[in-house]
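J.: missing the sequence, but the structure's below:
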């Protein structure tokens, strides 16, 4: 298929690599043009988003947030470039209500839309092991299978917006668990235990998790170059709390975690990986 891929950043770049390796023809656009230009020998580089969309059978977006998706793809010029039958797959993390609106707008133009946010970070993107949570029409989901299989494992969640709901559930667990692992390893260190040994012991019991395995190691090594920035985790926690309010659900752990990430970002640590919450909690304890 001829794919327009919009957003060649930390996540988008390895995803583009995997789609090219699977034999797909790509048209690329990125706000920072140099990030797309490195693919110039293997893909078409579009001058603007409308040009990319007009040439494509499938449009995939991997952008930072909902307002950016709205501004880039759903402005007058870009929206007019969609041809009837085009499949739009938004792999960004955006509010479920916004995903439902986008699906309605494209349906009115005779196009199809899937909200398909991912989990797995830059490692999962590079290894093509992303967990892809998909909402939208089942026939559109079936049409996208060859694309999803080049990127990871897709699971169908239901109607438009439910992929984003699943991603919010994922990010609630991720954000809250990063806080728990941070506090546990800080407790071990301050109370005189070897945090490396504690982590190894916990990985063999009920406390084992991917967060403890991967981010726990980051915390011990104090290596917080971003796979997913704290600013993005804060954005996700805000969406989680907002969605909970809309459906009448009280989520005190999510609200507390949102506050911690907000304070971390305001404190100047927003460009760290989200596992860098460890640093912020350590700093708080020293205040």
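T.: Thanks, I have the structure now. Being a predicted model, the structure only gives us computed values, none of them experimental.
J.: From here on, just use CA atoms for contacts and neighbour counts.
T.: OK.
J.: Just give me the longest helix of this structure.
T.: In the chain, ranked by residue count with DSSP state H as the criterion, the top helix is helix 162-190.
J.: Give the next helix or strand downstream of it.
T.: helix 195-202 (DSSP states H and E).
J.: what's that following helix packed up against?
T.: helix 162-190, helix 216-221 (3 or more C-alpha pairs under 8 Å, 6 or more residues apart in numbering; DSSP states H and E).
J.: Most tightly packed of those helices?
T.: Greatest average neighbour count among the helices and strands packed on helix 195-202 goes to helix 162-190 (a mean of 20), per mean count of other C-alpha atoms under 10 Å.
J.: Between helix 195-202 and that one, find me the angle.
T.: 130 degrees (axes from the mean of the first three to the mean of the last three C-alpha atoms, to 10 degrees).
J.: So what's the gap between helix 162-190 and the chain middle?
T.: Counting by C-alpha atoms, centre = their mean, to the nearest Å, helix 162-190 is centred 15 Å from the centre of its parent chain.
J.: What mean pLDDT does it get?
T.: Taken as a whole, helix 162-190 has an average pLDDT of 97.
J.: Stretch 84-101 too?
T.: If you average the per-residue pLDDT over stretch 84-101, you get 96.
J.: For the remainder of this discussion, apply numbering that starts at 768.
T.: With 768 as the first residue, the last one maps to stretch 851-868.
J.: okay, how far is it across that stretch, tip to tip?
T.: Between the opening and closing residues of stretch 851-868 there is a gap of 18 Å (C-alpha to C-alpha, to the nearest Å).
J.: for stretch 889-905, same thing?
T.: Between the opening and closing residues of stretch 889-905 lies a distance of 28 Å (C-alpha to C-alpha).
J.: Kindly report the same for stretch 1007-1025.
T.: Stretch 1007-1025 stretches 9 Å from its first residue to its last (C-alpha to C-alpha).
J.: And the contacts of it?
T.: Residues outside stretch 1007-1025 that contact it (C-alpha atoms under 8 Å, 6 or more residues apart in numbering): 862, 935-936, 938-939, 942-943, 946, 1001, 1004-1005.
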